[in-house]
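Visitor: Have a look; sequence and predicted model below, questions after that.
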Amino acid sequence: WADSEVDTAIKQAVTQIQQDGDYNWHFNDAENSQNTVVSTGTYALPDGFVRIEKGTVKYNGQPLLPRDYGWLKRNNTTLAVDGNSSVYYLRGNNIGLFQRPNDIKVLEFLYRKKLATMAADASDSGMESDFDEAIVQYASYMLWSVIQGRNDNAISAIQNYKQAMEGLNAQYLGRRDDADFSFKFETIQDYSSF
């Protein structure tokens with residue numbers, strides 16, 4: 001394969017791993033904080049934005065409620081109203097506030113982001129070395145799957161990828177908080193009294 005084909009397959013593998021983890025990996029964590037502008041209701045979302053983490057949007061330290069843009073348009077004569085923002089909406093590549101801010105205050109939220117695309121062979125994927133095997137296996141799958149008569153190699157690579165992802169899911173997703181760990185002890189119960 002040409003270097004460009006291998007590079008493309010590796011980049012696809014990094015993207016696939018993020019998608020397969022629903023962007024819930026720790027390296028997809030991100031925060032945004034910016035000052036609002038008087039009478040400006042929409043603000044560009046950060047580069048690599050995937051989704052807002054539920055319940056984290058705040059304006060001047062106060063939580064904002066999510067609203068559907070269509071609902072806002074149906075229930076308001078105009079969205080060009082200045083005041084104290086109480087709701088937000090997502091539309092295209094923007095986050096909107098309603099009412100538009102009438103003061104310069106801080107808009108902040110947590111969000112899930114895509115890793116920056118690797119620009120050169122020496123670039124870091126943004127993932128720990130624990131993910132290298134999954135990257136290699138998915139890239140191998142992508143490379144073998146386009147060669148006629150090599151389906152067995154592609155199938156083997158995707159099975160290896162799935163196995164690697166099972167281990168990574170168990171190790172990284174859902175186990176970042178002590179509350180997720182529980183210890184269970186076997187108990188002996190006397191059923192003769194029932």
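Guide: Nice, I can see it.

Visitor: Just read off the phi/psi values of Gly55.
Guide: Backbone torsions for Gly55, taken as degrees, to the nearest 10, come to phi 80, psi 10.

Visitor: wouldn't it be in contact with Tyr88 here?
Guide: No. The pair Gly55 / Tyr88 is not scored as a contact, 11.6 Å apart, by CB atoms under 8 Å. To be clear about C-beta, it is placed using only N, CA and C from the backbone, and glycine gets the same treatment.

Visitor: Compare the two and say which one has the larger neighbour count.
Guide: Neighbour totals were compared for Gly55 and Tyr88, and Tyr88 leads with 23 against 12 (other CB atoms under 10 Å).

Visitor: outside of the helix or strand where the more buried one lies, which residues touch it?
Guide: Using DSSP states H and E, Tyr88 falls within strand 87-91. Contacts with strand 87-91, where a contact means CB atoms under 8 Å, 6 or more residues apart in numbering, come from 42, 45, 52, 57, 59, 64-69, 72, 95-98.

Visitor: Spit out the contact partners of Lys113.
Guide: Tyr23, Asn28, Asp29, Ala30, Pro46, Asp47, Gly48, Phe49, Val50.

Visitor: okay, the spatially most central residue of the chain: pLDDT?
Guide: By CA atoms, centre = their mean, the mean C-alpha position of the chain lies nearest to Tyr23, the distance being 3.0 Å. Tyr23 carries a pLDDT value of 96.

Visitor: what does Ala2 give?
Guide: Listed pLDDT for Ala2 reads 82.

Visitor: Poorly predicted segments of this protein, please.
Guide: Counting by pLDDT under 70, the chain shows low-confidence ranges at 121-122, 174-194.

Visitor: And the strands in it, which stretches?
Guide: 29-35, 42-44, 49-52, 58-59, 62-63, 65-66, 82-83, 87-91, 94-98, 100-101, 106-113 (DSSP state E).

Visitor: Make CSV out of the ones you listed and add distance to Ala120.
Guide: Converted to CSV, those look like this (distance: least, CB to CB, whole Å):
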stretch, distance to Ala120
strand 29-35, 23
strand 42-44, 27
strand 49-52, 24
strand 58-59, 38
strand 62-63, 42
strand 65-66, 39
strand 82-83, 47
strand 87-91, 33
strand 94-98, 31
strand 100-101, 41
strand 106-113, 21
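
Visitor: and Gly149, which of these is closest to it?
Guide: strand 49-52 (37.5 Å; CB to CB).
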